[in-house]
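>>> Generate a structure from the sequence data that follows.
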Amino acid sequence: MTINFTTTAPRRAAPVTRLLAIGLLLAGGVLLPAARAAATERRFGYVYGSGVLIPGDVELESWTTARLGRSTFYDRFDERLELEVGLTERLQTAFYLNFAGLAEDRMGVRVHEFELEGVSSEWKLKLLDPVADPIGLALYWELSAGPTEVELEAKVILDRRFGRFLAALNVVGAYELEFAEVGVLEGEAELEIDAGFGVFITPALFAGLELRNHNAISADGWEYSVLFLGPTFSFAQPTWWMSLSLMPQVGAIAGATEGPFNLADHERLEARLLFGIHL
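Below you'll find the model as predicted:
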């Protein structure tokens, strides 16, 4: 379902103030009493860890991803609502509802859209533990389906906790089929490398750096390769946690469209706020 409407409102700057407000709220969390949370809280916004929920545990997560700034005004917010369930000591599953809201300028007119993008099913299998074993290892699968597209995503998740430090690496592959027009089916493959490194300032407060390299490959060849790099912060309590990542685009290895950047397929800034509650 997509709702479109247009306005002729004057252009305005991207709502960076909203992101700053989120950052201030997160920073204010350090004033709360610190306590160690469960091992499944997200310490990075984009990079996954190998931990899974214990059998019978349930967690509700809210995702907000802001994508701001292209060649012209562009302001998109992706929203995901996730319910995670621990099945065994090594396996968890999750179900998502996916929404998106968009405002952008098209031929001098400000266009607004809201879309129910579809649903997703996630499965995560932990093979090795990042503390007990030399390295943490997990496999991840996600199937997403919407009105006009279907996507299958797979991840190999590696992480390691040593003292106050945490390092993680994800290798992600995805294939998307889109029903672009009547009788036309388009396919595109994606390859992504996500890496994160950070330090536990306290048992509850974590700060680090994330790197994201996103690549698209179509039938015509390699479309683009874009790099993002930025800080990440998280704060966890026994029953809830939150994480914030700010990821400005640092340039395109391939497929640049405006100077060193790709502003046709990606934005100048991505930011992600995650909030989880253990039910």
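>>> Just give me the neighbour total for the nearest residue to residue 62 once chain neighbours are set aside.
Excluding the flanking residues, the one nearest residue 62 by C-beta to C-beta, 6 or more residues apart in numbering is residue 275, at 4.7 Å. The C-beta positions use only the backbone N, C-alpha and C, and glycine is treated the same way. The tally of other residues near residue 275 (other C-beta atoms under 10 Å) stands at 15.
>>> where exactly do the strands run in the stretch 151-279 of the chain?
165-181, 184-200, 205-218, 221-236, 240-254, 269-278 (DSSP state E, counting those that start in this stretch).
>>> Mind putting these into CSV with distance to residue 70 and mean pLDDT?
Shown next, in CSV, are the strands of the stretch 151-279 of the chain (distance: least, C-beta to C-beta, whole Å; pLDDT from 0 to 100):
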stretch, distance to residue 70, mean pLDDT
strand 165-181, 20, 92
strand 184-200, 19, 93
strand 205-218, 15, 96
strand 221-236, 12, 96
strand 240-254, 10, 97
strand 269-278, 11, 97
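>>> Relative to residue 134, which of those is closest?
Nearest to residue 134, of all the strands of the stretch 151-279 of the chain, is strand 165-181, at 12.7 Å by C-beta to C-beta.
>>> Tabulate the strands of the stretch 151-279 of the chain (CSV), appending distance to residue 113.
Below are those laid out as CSV (distance: least, C-beta to C-beta, whole Å):
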stretch, distance to residue 113
strand 165-181, 17
strand 184-200, 20
strand 205-218, 22
strand 221-236, 23
strand 240-254, 22
strand 269-278, 19
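>>> so which of those strands comes closest to residue 153?
Of all the strands of the stretch 151-279 of the chain, strand 165-181 sits nearest to residue 153, with 4.1 Å by C-beta to C-beta.
>>> ok, and what's touching the closest one?
Residues outside strand 165-181 that contact it (C-beta atoms under 8 Å, 6 or more residues apart in numbering) are 43-44, 47-49, 148-160, 185-200, 206, 208.
>>> 6 Å instead, please
Contact partners of strand 165-181, identified using C-beta atoms under 6 Å, 6 or more residues apart in numbering, comprise 47-49, 148-160, 186-192, 194-199.
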